[in-house]
Structure formats: C-alpha cells, structure tokens
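Asks: Predicted model, plus sequence, below.
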Amino acid sequence: MKHWILGLAALMMIALPSQAVAALDGPKAKTIDELAAMFDASRCKGCHGEVYDQWSISHHARPQMGVHGGLKDTPLARAGATPWSPEHPSQATLDTFPCFKCHLPQALTHAEDSVAAEYAQALVDQDRAKIGKLQITCIVCHNNKAIIHRLQEGEPEPNVLYGTRNIPNHPDPVFTEIRQSPVMSEPLYCGQCHGVGVNLEFKNPVQCATIYGSYQHAYIPGGGTQSCQECHLYPKHNGVADHRMLPDWNDTELMSQRLAQSISLNMQAMGYEWLRGGGDRPSRLVVETKIDSSAGHRVPDG
Amino acid sequence: MTAKDLDGKIIANDTRHYHPQATTQRGSNVMVYGAQWKASYVRDTSLQPFQTKAETFEFLLPEGTRCADVEVTLRYELDNPKRIIPIHQRSKRVSLDRCP
C-alpha cells in the first residue's frame, strides 16, 4: 500500500509540470486567467533572463494599458460611447474589441467570447490588475504570430517556438523545439500589428497604427534600406536582440534623449529694418527652422 | 516659437503642429482621435523620412524694439497637451543694431 502511494505520487510529480502549463492545442480559454495562463511566459525567464527583463518593461508587456497606465479600451466597454459598445459588459464578444487584432491577437485564436465579456467588465471596473494579465508574451510573438506565409509553411505548431535559428531540443515542458521562421528578421513581421492603414475587415473601419505603411510608402521610396529590427531590436548584445523594443513612452527622459538623437532642429534668426519704400522701414524679426528626422517612418504616427 | 523683448515681454509667438490628421470618412471634415473613429488621413504634417521640415516665422517688431530674445522649442506631445516630452530647444538674441 505504502509503495503504491509512493508510486502514484511519483507519477503525479512527473505529470503535474506539463499539466500546470496550458497547451495551445487544447480548449479555448473561457476566462482572462485561463488565457493568461495559456500564454504565460514567466518560465522563459529561467534561461532567458535578460530578454525577459527587457520585455517586461516594454509596451508589449502592457498592450492593454496605453501610455502611463491608461486603459485605452474603456470607451468600447461603456454603453453608447462607441459604435462597438454593448449595452452591458456581459454582452461583449470578441467582435466588440477590434483592437484585439493587434493588442491581444491570442484572444482571437484561443479565447471564447466570455473572455471579452470579462474584459469589458474589467474596463468598466477600471481593474488594472486583471487587465494587466493580458500581455503580448514571448509565446505570442514566437508562436502565434511567427508564421505569416501559412499556405507555404503551415500553421504554427503548438509545441514549437519560432526564432531566427533551429534548436531541436528546447528544455521546456510545452515548447520542446525551436524552429527557424524566415520572416522574423523581416519588416513584414512587425507590420502584422504595427499597421499598414485603415482596417476595413471589421463592420466599422478601425485605424490605429499606420507606421508600417509609412515605412513602406515614405521610407522605402525615399531610398531607405533598414528594417524595423535594425533600429528597434539591434544591435544585439551578446547575441541577444533588445526586447525592450523602444520606444517606451512611459520613460520620458529616455524618450527625450532618443527623439533628440533621431530628430535634428536647426534655427536661424535675424532682425532687420525692411525698406518698404518711401521711408517706410518697419523692423522685422525672421526665424527659420529646419527639422530632419532619421526615423524609418513618419513621426509621430497614429 | 517665442520672441521676447529685453524686458521679457512676449512680442511674437507662434506654434506649428506636426501629426497625421484623420476623419471618420462619413461625410464631414471633422478631425477625430481614437482608433475606433479614425478611418483615413485627410492631412499629414508629420515629420517624414528624408524630408526636411522647413518653417519661416516672420513678425513686425513693435515700434522702438531693437533687440529680441528668440526661443524655439521642439517637443513631443504624448496623448494630451499636459504630457510633453522635450526634444530640442534653441535660443538666440537678435538685434537690429546693438543689444546691451
């Protein structure tokens, strides 16, 4: 009996670690907690500490929070505030939040409408703790959004993470393999979410970020050759890309420095007496400014 | 852009705004904010790649004003006019002959 109990305990100890981590090919999440658990990447920190720490202070770690903690989707949850708003939060569905397309893409593939209803209530309640659980984690970028050419490369596999190289044995209970995705170093990868223009696939048009469109239609025609990654993730340090992926609009001092590095201002000023004619000599002040930007897109966007 | 006389009184002031501007495309030229409302740009004064944004500010100086302190500031307004990220500031004293 004692040996039988010990054997059962050993079996449970082996089974529990993978059961505690939700699989991507299981049932869709019904609650915010379930969705958060499904895409929880906190265990990545064990081996990828530097990257995880960078990500954790990035905007990708707080996609629903806006800048300085603002809950940008709040109007969508308030009855009558927008064309999308339900009469009551309980009536919200995934269609209520077109923003999920980019701000929480995993909700569209792995969540039930009940998650949207819970999210709407959380917005009404201004529940930042609950809303803050919804993040664009490692798993979203390195699985859910990692393959774009799905007719040629298939769907992302539920036990594979995608990166810039192949690693057949990855010590993770769910994602046991790393496979190279050819698009991850390409600007198109970022363009999935960082916007070409107006989104016309919804019942009402939605226009948020259009920065990838600016990259394509202003920077590239102007002769630009750098990718998004070259400015926003590279250079790599110790072989690791910077996953803070600036800008970070919550860090005013840092962004002031970064903007000053990429935008130049030249000012010329003079005062003189202008000879209008017939002894009329009004004094004039003339100020001329020239601003140049080295960004690969318009500044600002949105 | 602000110009002040030597007593600190503002004698000239102007502002330029650089940003894309969108409407709902439902038949009125009313600029809107918010992804749930915007449907297309109707004007775009943003800083663009490889394009210099050149501006001229020109004023008549008040009678008797021979010197002025000019200051130009470039700043990033985040989501409302109270959230400002400073970028650059340039200052110059201009005169028609000599300043004290």
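Replies: Right, received. Where do you want to start?

Asks: Pretty sure A:Gln216 sits in a strand.
Replies: No - A:Gln216 sits outside any strand when classified using DSSP: H, G, I helix; E, B strand; the rest coil, being helix.

Asks: how near is it to chain B?
Replies: According to Cβ to the nearest Cβ, to the nearest Å, A:Gln216 and chain B sit 11 Å apart. All C-beta spots, glycine's among them, are computed from the backbone N, C-alpha and C.

Asks: Surely that residue and A:Gly197 touch.
Replies: No - assessed by Cβ atoms under 8 Å, A:Gln216 is found out of contact with A:Gly197, at 9.8 Å.

Asks: residue ranges of the strands in chain B, please?
Replies: Using DSSP state E, the strands of chain B run over B:2-4, B:10-13, B:20-23, B:40-44, B:53-60, B:67-77, B:84-95.

Asks: how about the most centrally placed residue in chain A, secondary structure?
Replies: Centroid-nearest residue in chain A: A:His60, 4.1 Å away (criterion: Cα atoms, centre = their mean). Secondary structure state of A:His60, per three-state DSSP, is helix.

Asks: Name all residues that make contact with it.
Replies: Applying Cβ atoms under 8 Å, 6 or more residues apart in numbering or on different chains, we find A:His60 in contact with A:Gln135, A:Ile136, A:Cys141, A:His243, A:Met245.

Asks: Out of the strands of chain B, flag the one nearest A:Pro235.
Replies: With Cβ to Cβ as the measure, strand B:84-95 is the member of the strands of chain B nearest A:Pro235 (23.7 Å).

Asks: In that closest one, which residues are buried?
Replies: B:Ile85, B:Ile87, B:His88, B:Arg90, B:Val94 (16 or more other Cβ atoms under 10 Å in any protein chain shown).

Asks: list the contacts for the third one?
Replies: Listed by Cβ under 8 Å, 6+ apart, the contact partners of B:His88 are A:Ala260, A:Ile263, A:Ser264, A:Leu265, B:Val72, B:Thr73, B:Leu74.

Asks: out of those residues, which are buried?
Replies: Using 16+ other Cβ under 10 Å, the buried members of the contacts of B:His88 are A:Ile263, A:Leu265, B:Val72, B:Leu74.

Asks: Check which helices and strands the helix or strand encompassing the second one is in contact with.
Replies: What it means is A:Leu265. Remark: A:Leu265 resides in strand A:263-273, with elements defined by DSSP states H and E. In terms of contacts (3 or more Cβ pairs under 8 Å, 6 or more residues apart in numbering or on different chains; DSSP states H and E), strand A:263-273 is packed against strand A:283-293, strand B:67-77, strand B:84-95.

Asks: Kindly reformat the ones you listed as TSV containing distance to A:His149 and mean pLDDT.
Replies: As requested, the helices and strands packed on strand A:263-273 are arranged in TSV below (distance: least, Cβ to Cβ, whole Å; pLDDT from 0 to 100):
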stretch	distance to A:His149	mean pLDDT
strand A:283-293	32	97
strand B:67-77	36	97
strand B:84-95	38	96
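
Asks: So which of the ones you listed is nearest A:Pro86?
Replies: It is, among these and with distance given as Cβ to Cβ, strand B:67-77, at 32.4 Å.
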